[in-house]
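Peer 1: One predicted model, sequence on top.
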Amino acid sequence: MLLFALIISLAFGTLGRRRPAERLKYAAWSFFLFLLVGITIGWLMYPFSR
Amino acid sequence: MQEPITEQPQPETQSAPSRNSEGRELLALLIGVAGWAVPGLGHALQKMWGRALAVFLAVGALVTLGAGMRGNLFTSRGDDAFATLGYFADLGSGSFYALARTFESDGPDVSHSTGDYGTRFLATAGVLNLLAALHAYEAARGRKA
């Protein structure tokens, strides 16, 4: 999940923004959101996993 | 009495800006198709080197990891709508779809979770490449990108 989030975030950052600083900020923000959403959904599904 | 011969107005031919616009549209379309066929080529043709490299590496990494994990590469002979949808997603990676088929000489193995993750990686590579090709097309049309 980490690898997936990292690759996609970097691609999104490069495609979505022009300036290097903005790209980095956007990539970091989307990476954080990928992880947050992934972990949140994981915990939400946990009670129904058994 | 004979009518005076008047010069008939000629139908207007396409003006230069219109032809120019059509040419640009065609070029943008070709750039979009090139971007789909070879990930990053659409941006490279427009000298957007950073974006070209990022798209090439991202799609390449996803396809390599997906095929390495023995993810499922869908074919055109899908059994249901999801398989057809998966095929279109996989096909989005252009020539890398054919490369992934070559990498996966042993075929997919989705009996383990890694194979299932690999399937997602391959589909994401295709969708990401389609997004990048669309971005290259829009940039070639002169839209802000």
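Peer 2: That came through, no problem. Numbers count the residues shown, from 1 in each chain, chains lettered A, B, ... in the order given.
Peer 1: so where's the longest helix in chain A?
Peer 2: Within chain A, and with DSSP state H defining each element, the longest helix by residue count is helix A:20-45.
Peer 1: Show me what counts as buried in that helix.
Peer 2: Residues of helix A:20-45 classed as buried under the neighbour-count rule (16 or more other C-beta atoms under 10 Å in any protein chain shown) are A:23, A:26-27, A:30-31, A:34. To be clear about C-beta, it is placed using only N, CA and C from the backbone, and glycine gets the same treatment.
Peer 1: any bit of the helix or strand bottoming out on mean pLDDT in chain B sitting next to chain A?
Peer 2: Lowest mean confidence among the helices and strands of chain B (mean pLDDT, DSSP states H and E): helix B:16-37, at a mean of 86. No. Helix B:16-37 stays clear of chain A (C-beta under 8 Å from any C-beta of the partner chain), getting no nearer than 11.4 Å.
Peer 1: what bits of chain B have low per-residue confidence?
Peer 2: The model of chain B has pLDDT under 70 over residues B:1-14, B:16-17, B:144-145.
Peer 1: what packs against the longest helix of chain A?
Peer 2: Of the remaining helices and strands, those touching helix A:20-45 by 3 or more C-beta pairs under 8 Å, 6 or more residues apart in numbering or on different chains; DSSP states H and E are helix A:2-16.
Peer 1: Show me what counts as buried in the helix it packs on.
Peer 2: Neighbour-count burial for helix A:2-16, counted by 16+ other C-beta under 10 Å, picks out A:4-15.
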